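Trainee: Generate coordinates for the sequence data below:
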Amino acid sequence: MYVCNIEPSKPFMIQFLKYLLFPFSLIYKGITSLRNLLFELKVLRTFEPNIATIGVGNLTVGGTGKTPIIDYLISIFPSNKIGIISRGYGRKTQGFLQINSKSTSKDVGDEPFMLYSKNLDTSFFVSEDRVEGFKKAMLIQPNLDIILFDDVFQHRYLKPKINILLSDYSRPFFEDFLLPTGLLRESKSGAKRADIIIVTKCPRHISEIERRLLTDRIKKYTKKDTPIYFAVFQSLPPSNIENAILTKKSKIVLISGLANNLGFKAGLEQNFEIVKHFDYKDHHEFTKEEITEILSLFPNSNFVCTAKDFVKIKPLLNPEFLPSFYISEQKIRIINEIELKKEIFEQLGFIN
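Mentor: The predicted model follows:
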């Protein structure tokens, strides 16, 4: 069952630092609240695209599962021409770019490039300015009939038809604090802009009672009729480029550059013996020297990483090492999925 995990058990120094940072959070709250007010008063203008659009975002800094949710949304529109617009976090380029077969993760960012590699029939673009990105994407491909925007909840110059807000089960937004004391990008009241809320990374056997309790707490910050859904992220057995499945209880070496490296490790240590975990910051750009050193330290080993990290590691590997790398992917199971799909289709105007 979900348990409130705020303050008492945390080390004294962390709590002391939070108290020191609290005045800066008040200043940050004033700035972000004023910005939101200017949008509400229409002093700052928003652009509303003239086709079906869905924005996916969160209130907190860090991973809440936006990329897997974007991947899931692509799958529920098999008959539509879909475009994805992302900022392309961590890329070495700037401005608007369309992702193609000549792109690299350095050009467009690891997450967009990974999604592109999995969904070759979908059009992918990166642009810091989502409004400009939308307009340029439609000039290039005017036949697109759905655009999905990644990490756009605070990008208020754009107003998608549907705003989906994600909240991590293990660190829900309603228990967090504004930056820099906590991880909130804006006040909890920002949840009122959400048309749909999905609680991500839920335990496999989350109970109906627990879902109801979480719903009640989230509803304090949302519009009255905002639907709330729950998503379980299930790890699939790691497989390599030859589609070989890694045998349970195998000894493995983990390599990850994620927002939650510990969570990645915890999901695998139940079924495998982890010899070593090389963990890096989120969106880490791996080097040839790093990978060569890891291979030399653990020759003839099985290596496990995420799809996001593999798109950056793969170009650094000699062909003979590729089968030694196994990709750990996740499958999303939405509780009450039929209702979620119906809600999305209705809000987009696809069904009456």
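Trainee: Only C-alpha atoms from now on, for both contacts and neighbour counts.
Mentor: Fine.
Trainee: ranges for the helices of the chain?
Mentor: With DSSP state H, the ranges of helices along the chain come out as 12-40, 66-75, 105-108, 110-118, 130-140, 208-219, 261-268, 288-297, 307-313, 337-348.
Trainee: Give me the distance between the residue positioned nearest the centre of the chain and residue 288.
Mentor: Centroid-nearest residue in the chain: residue 66, 2.4 Å away (criterion: CA atoms, centre = their mean). For residue 66, the distance to residue 288 (CA to CA, to the nearest Å) stands at 29 Å.
Trainee: Likewise for residue 348?
Mentor: Residue 348 is 46 Å from residue 288, where distance means CA to CA.
Trainee: more crowded one of the two?
Mentor: Neighbours were counted for residue 348 and for residue 288 using other CA atoms under 10 Å; residue 348 has more, 17 against 11.
Trainee: list the contacts for that one?
Mentor: Listed by CA atoms under 8 Å, 6 or more residues apart in numbering, the contact partners of residue 348 are 52, 53, 161, 162.
Trainee: again, but for residue 59
Mentor: 153-154, 165-167, 173, 184-188, 190-191.
Trainee: about what we covered before: the residue nearest to the centre of the chain is in contact with residue 166, isn't it?
Mentor: Yes: shown here, residue 66 and residue 166 form a contact pair, counting by CA atoms under 8 Å, at 7.3 Å.
Trainee: Show me the common contact partners of the two, please.
Mentor: 56, 57.
Trainee: From residue 201, how far off is residue 67?
Mentor: Residue 67 sits 13 Å away from residue 201, going by CA to CA.
Trainee: go on, residue 256?
Mentor: From residue 256 to residue 201 the distance is 18 Å (CA to CA).
Trainee: next one: residue 25
Mentor: 27 Å.
Trainee: And for residue 126?
Mentor: As defined by CA to CA, residue 126 lies at a distance of 26 Å from residue 201.
Trainee: okay, those two: which has more neighbours?
Mentor: Higher neighbour count among residue 126 and residue 201: residue 126, with 30 against 19, using other CA under 10 Å.
Trainee: if I pick the closest residue to the more buried one other than its chain neighbours, what's in contact with it?
Mentor: Spatial nearest neighbour of residue 126, excluding adjacent residues (CA to CA, 6 or more residues apart in numbering): residue 86 at 4.8 Å. Residue 86 makes contacts with 112, 124, 125, 126, 127, 128, 130, 149, 150, 151, as judged by CA under 8 Å, 6+ apart.
Trainee: Excluding sequence neighbours, find me the nearest residue to the last one.
Mentor: Nearest-residue entry for residue 151: residue 57, 4.3 Å, with adjacent residues in sequence omitted and distances by CA to CA, 6+ apart.
Trainee: Hmm, the one you found is touching residue 162, no?
Mentor: No: assessed by CA under 8 Å, residue 57 is found out of contact with residue 162, at 11.1 Å.
Trainee: roughly how far apart are the residue nearest to residue 126 and residue 268?
Mentor: Separation of residue 86 from residue 268 (CA to CA): 29 Å.
Trainee: same question, residue 25
Mentor: Applying CA to CA to residue 25 and residue 268 gives a distance of 36 Å.
Trainee: do residue 177 as well
Mentor: 30 Å.
Trainee: again with residue 173
Mentor: Counting by CA to CA, the gap from residue 173 to residue 268 is 26 Å.
Trainee: of those two, who's got more company?
Mentor: The residue with more neighbours, out of residue 173 and residue 268, is residue 173; 24 against 21, by other CA under 10 Å.
Trainee: what is the nearest residue to the more buried one once chain neighbours are set aside paired to in the beta sheet?
Mentor: Using CA to CA, 6+ apart and skipping the chain neighbours, the partner closest in space to residue 173 is residue 167 (6.2 Å). Counting by DSSP bridges, residue 167 is bridged to residue 199.
Trainee: wait, what's in contact with residue 181?
Mentor: Here residue 181 is in contact with 18, 19, 21, 22, 24, 25 (criterion: CA under 8 Å, 6+ apart).
Trainee: among these, who's most crowded?
Mentor: Among those, residue 25 has the most neighbours (other CA under 10 Å), with 20 neighbours.
Trainee: My read is that that residue contacts residue 179, right?
Mentor: Yes: taking CA under 8 Å as the definition, residue 25 is a contact partner of residue 179 at 5.5 Å.
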